[in-house]
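> give me a model of this one.
(one chain, ligands or ions: 1)
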Amino acid sequence: MRFAYVIAGSEATGGAGLQADLKTFQRLGVYGIGTITCIVSFDPANDWGHRFHPVDPSVIAEQFEAANASQDLDTVKIGMLGTPATIDVVAEALASKPWRHVVLDPVLICKGQEPGAALNTDNALKARILPLATVVTPNNFEARALSGLDSLSTIADLAEAGRRILAFGPQAVIVKGGVDFPGPDAVDVLVQRDPAGGEPSVEVFSVPKIGQERVSGAGCTFASAVTAELAKGATVAAAVGTAKALVTRGIEQRVSGHTPFDTVWQGA
Ligand code: PXL
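So this is what the prediction gives:
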């Protein structure tokens with residue numbers, strides 16, 4: 001049995017967050033173990049806005065202890081953390097043992113939060129979690145925030161953002177152009193550190209866009225698929241290829257409900 005571990009938030013409709021992560025792990029044949037950092041329950045009476053509830057740091061530490069005592073986990077995905085106190089406890093837990101891969105989905109905004117609190121959280125994520133990550137999967141917005149670039153509208157821009165984020169310490173950055181990227185294609189760029197110290201390598205993954213609408217859970221599913229494949233021993237590039245194919249099929253076969261957005265179907 002191969003095991004994949006995720007530290008992320010619960011999203012109550014099941015479309016994103018830990019629920020999407022565990023479904024993705026199952027889909028790719030790995031045994032999923034999860035630690036909940038926060039609970040997000042969208043508000044159907046208020047335009048499906050985010051209601052955000054952090055889990056007490058001691059309870060996060062307790063879950064980490066149980067999960068890591070139960071199995072020898074070496075591959076972990078980090079999803080939504082949400083507060084500086086959560087980031088502190090997760091950073092300490094991660095640093096307490098060696099990992100083969102730490103995949104960071106740098107979830108930077110949650111609508112239910114005060115902008116000031118969100119800025120503290122973003123800074124803490126950058127300072128404490130990003131240096132522990134081996135693979136980072138920013139979307140267009142997160143890549144701009146982390147790289148300091150104003151706009152990512154060419155493949156060269158995506159690659160430059162990836163190179164700048166590599167400077168924070170990870171081995172690989174996958175910058176996802178998403179629906180904001182101009183043109184007919186969904187373009188992701190993988191930038192990887194050269195183990196010999198030379199220039200980072202750049203690989204482009206491109207498929208035709210499926211519409212222009214955002215689909216909930218795409219980012220979570222992508223990062224957890226990368227994590228599952230790394231847990232099985234894939235290279236980062238092969239893991240990205242598998243993850244992109246799974247997310248593409250999952251968007252093609254997306255699920256609609258009473259929410260204003262559709263969600264990815266991990267079973268596709
Ligand atoms: O898709 C980002 C995301 C991640 N994790 C949780 C979320 C969301 C978006 O709503 O609720 C828990």
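> residues in the stretch 51-200 of the chain within reach of the ligand, list them.
The stretch 51-200 of the chain comes close to the ligand at residues G79, M80, V107, as judged by C-beta under 6 Å from any ligand atom. (Glycine included, C-beta is placed from N, CA and C.)
> contacts for the helix or strand of the chain with the lowest mean pLDDT?
Ranking every helix and strand in the chain by mean pLDDT, DSSP states H and E puts helix 115-124 at the bottom, with a mean of 85. Applying C-beta atoms under 8 Å, 6 or more residues apart in numbering, the contact partners of helix 115-124 are L81, G82, T83, P84, I87, D88, L108, I109, C110, Q113, A145.
> now stretch 167-185: buried residues?
Of all the residues in stretch 167-185, those buried under the rule 16 or more other C-beta atoms under 10 Å are F168, P170, Q171, A172, V173, I174, V175, K176, G177, G178, V179, F181.
> among the contacts of helix 115-124, the buried ones, what's the PyMOL command?
PyMOL command restricting those to the buried ones, with burial defined by 16+ other C-beta under 10 Å:
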select buried, resi 81+82+83+84+87+88+108+110+113+145
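> most neighbours among the residues of the stretch 51-200 of the chain next to the ligand, which one?
Sorting those by how many neighbours each has (other C-beta atoms under 10 Å) puts G79 first, at 27 neighbours.
> this protein: helices as residue ranges?
For the chain, the helices defined by DSSP state H occupy 17-27, 57-70, 84-95, 115-124, 140-147, 155-166, 218-231, 236-252.
> chain center to stretch 66-75, what's the gap?
In terms of C-alpha atoms, centre = their mean, to the nearest Å, the centre of stretch 66-75 is found 20 Å from the chain centre.
> excluding chain neighbours, give the residue nearest to the closest residue to the ligand within the stretch 51-200 of the chain in space.
In the stretch 51-200 of the chain, the residue found nearest to the ligand is M80; the distance is 3.6 Å by C-beta to the nearest ligand atom. The shortest distance from M80 to any non-neighbouring residue, by C-beta to C-beta, 6 or more residues apart in numbering, is to G9 (3.8 Å).
> tell me the pLDDT at the one you found?
With respect to pLDDT, G9 scores 97.
> now do the same contact list for it.
Taking C-beta under 8 Å, 6+ apart, one finds G17, L18, I36, T37, C38, I39, V40, G79, M80, L81, G82, V107 in contact with G9.
> burial check on the fifth one, number of neighbours?
When neighbours are defined as other C-beta under 10 Å, C38 has 22 of them.
> surely it and G82 touch.
Yes: taking C-beta atoms under 8 Å as the contact criterion, C38 and G82 are neighbours in contact, 4.4 Å apart.
> any common contacting residues for these two?
Contacts common to C38 and G82, judged by C-beta under 8 Å, 6+ apart, are G9, F52, P54.
> which stretches of the stretch 51-200 of the chain have low pLDDT?
110-114 (pLDDT under 70).
> and the pLDDT for the residue of the chain positioned farthest from its centre?
In the chain, A45 marks the outermost C-alpha relative to the chain mean, sitting 28.0 Å out by C-alpha atoms, centre = their mean. You'll see A45 listed with a pLDDT of 97.
> how about V215?
96.
> I'd say it and F261 touch.
Yes: V215 is in contact with F261 according to C-beta under 8 Å; the separation is 6.8 Å.
> I'd like the shared contacts of C38 and G82 as a markdown table, with distance to A159 appended.
Compiled in a markdown table, these are given as follows (distance: C-beta to C-beta, whole Å):
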| residue | distance to A159 |
| --- | --- |
| G9 | 30 |
| F52 | 34 |
| P54 | 35 |
